[in-house]
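[1] quick one, fold the following:
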Amino acid sequence: MSPRERDEPVRLTKIYTRGGDRGETSLGDMSRASKLDPLVRAYGVVDELNSVVGWARVVVDDERLARIQNELFDLGADLSVPFAEDDGKLRVDQASIDRLEADCDAANEPLQPLKSFVLPGGTEAGARLHVARAVCRRGEREVLAAGTERALNPLAAVYLNRLSDLLFILARAANTGDEPLWKPGGER
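    Model (predicted):
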C-alpha cells in the first residue's frame with residue numbers, strides 16, 4: 001500500500017476493527033473512552049447533525065450547507081480530541097462563528113419579521129431544516145453537558161448555538177409564503 005497523501009486525512013482499508021465491541025472507542029488522541037462518555041455522546045450528536053444536514057441538502061440547494069457539513073466534521077474532530085488551550089489541534093474558531101452570523105444576517109434580511117412562533121414543517125426543505133435545527137439544539141446541550149465533566153473548546157457550544165439560528169432562518173426562507181405559525185389555543 002502506498003503512503004497516505006498529504007491531503008488525505010485518513011486512509012481506511014478495513015471499516016470494522018472490533019475495538020469497540022466492549023463499549024469503548026478511541027478518541028482523536030488515541031486514548032480510550034466509554035461510548036457513554038459525555039464527550040463521545042456530544043460528538044455523536046454532531047455526527048448525527050451532519051447526517052441530517054446532508055439529508056436537507058438533498059432538497060435544499062444552498063452551498064452554505066456544504067461548508068457547514070465540513071465545519072461539523074471539524075467540530076467533531078475538535079470534540080474528539082481532549083482540549084488544551086493553544087494545543088495546535090483542529091479547533092472551531094471565532095472566524096467560523098463570524099461566518100455563521102454573516103450567513104444569518106444575509107438569509108434573514110429578505111424575510112418578514114416574525115409575529116408568532118413558527119411550527120416545524122411547511123415545505124419538504126423547511127421540514128428537513130427544522131429537524132436539523134432540533135438536532136443541532138440537542139447537540140448544543142450535549143456539548144454543554146460534556147463541558148461540565150471535561151475540558152472543551154468553549155467555542156464548540158457557541159458554534160452550535162449560532163448554527164441552530166441559521167438552520168431556523170433557512171427553514172423560514174424555505175417556507176416563504178407558506179410558513180406554519182403557532183396559533184395559541186389552536187382550534188379550541
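[2] contacts and neighbour counts: CA atoms only from here.
    Noted.
[3] without its sequence neighbours, what residue ends up closest to residue 97?
    residue 159 (5.6 Å; Cα to Cα, 6 or more residues apart in numbering).
[4] share the number of residues neighbouring that neighbour, please.
    23 (other Cα atoms under 10 Å).
[5] ok, residue 38 next?
    20.
[6] over to residue 172?
    Residues within reach of residue 172, counting by other Cα under 10 Å, total 30.
[7] wait, it touches residue 179, no?
    Yes: if you go by Cα atoms under 8 Å, residue 172 and residue 179 touch, sitting 6.7 Å apart.
[8] doesn't residue 164 belong to a helix?
    Yes: per DSSP: H, G, I helix; E, B strand; the rest coil, residue 164 lies within a helix segment.
[9] list the contacts of the nearest residue to it once chain neighbours are set aside.
    The shortest distance from residue 164 to any non-neighbouring residue, by Cα to Cα, 6+ apart, is to residue 133 (5.0 Å). By Cα atoms under 8 Å, 6 or more residues apart in numbering, residue 133 lies in contact with 163-165, 167-168.
[10] let's see the pLDDT reported for the residue nearest to residue 97.
    Residue 159 is assigned a pLDDT of 98 by the prediction.
[11] now do the SS call for the residue nearest to residue 164.
    Assigned by three-state DSSP, the conformation of residue 133 is helix.
[12] next one: residue 16
    coil.
[13] that one: how many residues sit nearby?
    8.
[14] what's the distance between residue 123 and residue 163?
    Computed as Cα to Cα, to the nearest Å, the residue 123 to residue 163 distance reads 20 Å.
[15] scratch that, residue 93
    Distance of residue 93 to residue 163, given as Cα to Cα: 14 Å.
[16] ok, the contacts of residue 133 vs residue 58, which is closest?
    Nearest to residue 58 among the contacts of residue 133 is residue 167, at 15.0 Å by Cα to Cα.
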